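*Asks:* Structure, please.
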Amino acid sequence: MPTWRLTLTGTTFAEAIRKAATRSERTLFFGHQKILLMGEELARRGDLRSVLDFWARNRESYLAIDVLLAEGPAGDIMEARPKFARSVSLFLHEQMQQVIKTSRFVKHSLAEVLAALDAGQDILLARVKMVPGQELEVSGTGVIREGRLGGWLTPEETQAALWITGETKGCDILVVPVPELQQTLSVEFGKLQAEVKPLMEEDKLSFTIKIKVEGKIAEKMGNPKLFAAADLHQVENRAARLMEERIRQVLGKLQQQYQADVLGFGRKVEKVRPRQWEAMKGQWRQIYSGLPVTVQVKVSIRRTGMVS
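*Replies:* I've put the predicted structure just below:
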């Protein structure tokens, strides 16, 4: 590997990094930095605003670098051996560009993370973990609550969370079993629109989530019979129900288990109901954990591919 791993320790990051002068004849230049990877233990016990303070103040910092969380020690991730990339950091930097093909992880820059933390907002950060063969996988997300890692979302839960926020870039694949047709289909998203609305009735707050998806059949397995119009309608209904189930599942985890408003529900209330928000923001986590949410998904399949 054409890289050199340098491990430094100190009471602060600035002190540790300055110790590099005792071990390297070259000056570290942070304008070349590609990623910032934090270990799980540090993210759980340390306030990330303090952890990232050095990079916020350093005039050499490149605020567009990607911020990721390691499952386990960050040092273990740096021991991986990517098959094609010249270093772990380049692999992770290039892997983050794959967000245009999948919503199984998120891509957040240092500037976005600092802005969220300064505003006191919860946020999701991409997770990196080792897989057999000394290789790496970027999938799933860490739930940052009040500046600390509260837990993890699986890749599938991350997908459902991004459906709600509308952050998915398209090209997502949803595997839809349709027992009535004896088929399993891959539906590829082409367009996704999400609408999240707070409703206030008799001082009781609730939310509605409406999602519209346009997609195409990317693959069909099982019964080889040709599609009929009624068959496509069954697939659309089954896909919509599957998405609704997964959205409710991730909402339950975020609301009850983590009480982390990474989906920005509080910001929605503040925007449309500023007076009510002032009254409830002090108890927002308790209110959020029991918030009724109605989910509606509509799936429209526009194309079936090169064969009918």
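
*Asks:* When you work out contacts or count neighbours from here on, use the C-alpha atoms and nothing else.
*Replies:* OK.

*Asks:* pretty sure residue 285 is in a helix, no?
*Replies:* Yes. When classified by DSSP: H, G, I helix; E, B strand; the rest coil, residue 285 is found to be part of a helix.

*Asks:* just checking, next helix/strand downstream of the host helix or strand of residue 41?
*Replies:* Residue 41 belongs to helix 40-45 when assigned by DSSP states H and E. Tracing the chain C-terminally past helix 40-45 and defining elements by DSSP H and E, one meets helix 48-51 next.

*Asks:* What's the first helix or strand after that following helix?
*Replies:* Downstream of helix 48-51, the first helix or strand assigned by DSSP H and E is helix 53-57.

*Asks:* next SSE after that following helix?
*Replies:* Assigned by DSSP H and E, the successor of helix 53-57 is strand 66-70.

*Asks:* by contact count, what packs against the next helix or strand after that next one?
*Replies:* With elements assigned by DSSP H and E, the helix or strand that comes after strand 66-70 is helix 74-77. Identification of packing neighbours for helix 74-77 by 3 or more CA pairs under 8 Å, 6 or more residues apart in numbering; DSSP states H and E yields strand 123-131.

*Asks:* Show residues contacting the strand it packs on.
*Replies:* Outside strand 123-131, the residues that touch it by CA atoms under 8 Å, 6 or more residues apart in numbering are 67-72, 77, 80, 105-108, 113, 116, 136-145, 261-263.

*Asks:* Counting neighbours, which bits of stretch 27-36 end up buried?
*Replies:* Across stretch 27-36, burial judged by 16 or more other CA atoms under 10 Å covers 33, 34, 35, 36.

*Asks:* In strands, which of the residues you listed appear?
*Replies:* Applying DSSP state E to those, the entries found in strands are 35, 36.

*Asks:* Give the burial count for residue 52, as a bare number.
*Replies:* Neighbourhood size, residue 52 [other CA atoms under 10 Å]: 17.

*Asks:* The one 5 residues further on too?
*Replies:* Counted with other CA under 10 Å, residues neighbouring residue 57 total 9.

*Asks:* do the one 10 residues further on as well
*Replies:* Applying other CA under 10 Å, we find 25 residues neighbouring residue 67.

*Asks:* isn't it right up against residue 111?
*Replies:* No. Counting by CA atoms under 8 Å, residue 67 stays clear of residue 111, with 9.5 Å between them.

*Asks:* hmm, who's touching the biggest helix by length in the chain?
*Replies:* Determined from DSSP state H, the single longest helix within the chain is helix 229-252. The contact list for helix 229-252, computed with CA under 8 Å, 6+ apart, reads 156-157, 160-161, 163-164, 174, 176-178, 181, 295-301.

*Asks:* With stretch 190-209 instead?
*Replies:* 163-166, 168, 170-171, 210-216, 265, 268-269, 272, 291-296.

*Asks:* For it, measure first residue to last.
*Replies:* 19 Å (CA to CA, to the nearest Å).

*Asks:* which parts of that stretch are buried?
*Replies:* Those would be 190, 191, 192, 194, 196, 197, 198, 205, 206, 207, 209, for stretch 190-209 by 16+ other CA under 10 Å.

*Asks:* Pipe the buried residues of stretch 27-36 into CSV and attach distance to residue 4 and pLDDT per row.
*Replies:* Formatted as CSV, those follow (distance: CA to CA, whole Å; pLDDT from 0 to 100):
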residue, distance to residue 4, pLDDT
33, 14, 91
34, 15, 91
35, 16, 95
36, 17, 96
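
*Asks:* ok, which stretches of the stretch 101-250 of the chain are helices?
*Replies:* 110-118, 155-165, 229-252 (DSSP state H, counting those that start in this stretch).

*Asks:* out of those helices, deepest packed?
*Replies:* Of all the helices of the stretch 101-250 of the chain, helix 155-165 carries the top mean neighbour count, a mean of 22, counting by mean count of other CA atoms under 10 Å.

*Asks:* Work out the gap between the longest helix of the chain and the centre of the chain.
*Replies:* Offset of helix 229-252 from its chain centre (CA atoms, centre = their mean, to the nearest Å): 21 Å.

*Asks:* what's the angle from that helix to helix 155-165?
*Replies:* Going by axes from the mean of the first three to the mean of the last three CA atoms, to 10 degrees, helix 229-252 is angled at 100 degrees with respect to helix 155-165.
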